[in-house]
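Undergrad: this is a predicted model, with the sequence first.
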Amino acid sequence: MASEEGRLRWRCRRGMKELDILLSRYLDERFYAAPPTEQEAFRGLLECPDPEIYAYCLGQERPPELIERITAGPPAKR
């Protein structure tokens, strides 16, 4: 698991600091508690080019549902 986490963390490093922050925050705060389908969607998202991910985050393109969770911020405390 540690090697996968390292690979994912490396892939969260992008050419834009804003994306680094959003993707790394999602990995730290939500990824491991997410259902397997969402985890797989995140892995797929990391395959997209930076401009595409950035356009999703800015609402310039219709984002996959996962983007909404990534940009939502930290989960609510219970």
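TA: Received, thanks. Residues are numbered from 1 along each chain as shown.
Undergrad: ok, for residue 16, nearest residue in space, not its chain neighbours?
TA: residue 50 (5.6 Å; C-beta to C-beta, 6 or more residues apart in numbering). Where C-beta positions appear, they are placed from N, C-alpha and C, glycine not excepted.
Undergrad: counting neighbours, what do you get for the one you found?
TA: One way to gauge burial is a neighbour count; for residue 50, by other C-beta atoms under 10 Å, it gives 12.
Undergrad: again with residue 35
TA: Other residues near residue 35 number 8, with proximity taken as other C-beta under 10 Å.
Undergrad: for it, give its distance to residue 51.
TA: Counting by C-beta to C-beta, to the nearest Å, the separation of residue 35 from residue 51 is 28 Å.
Undergrad: got it, and residue 10?
TA: Following C-beta to C-beta, the distance that separates residue 10 from residue 51 is 20 Å.
Undergrad: returning to what we had before: wait, the residue nearest to residue 16 touches residue 15, no?
TA: Yes. Shown here, residue 50 and residue 15 form a contact pair, counting by C-beta atoms under 8 Å, at 5.0 Å.
Undergrad: return the set of buried residues in stretch 14-23.
TA: 14, 19, 22-23 (16 or more other C-beta atoms under 10 Å).
Undergrad: fine, thanks again, bye for now.
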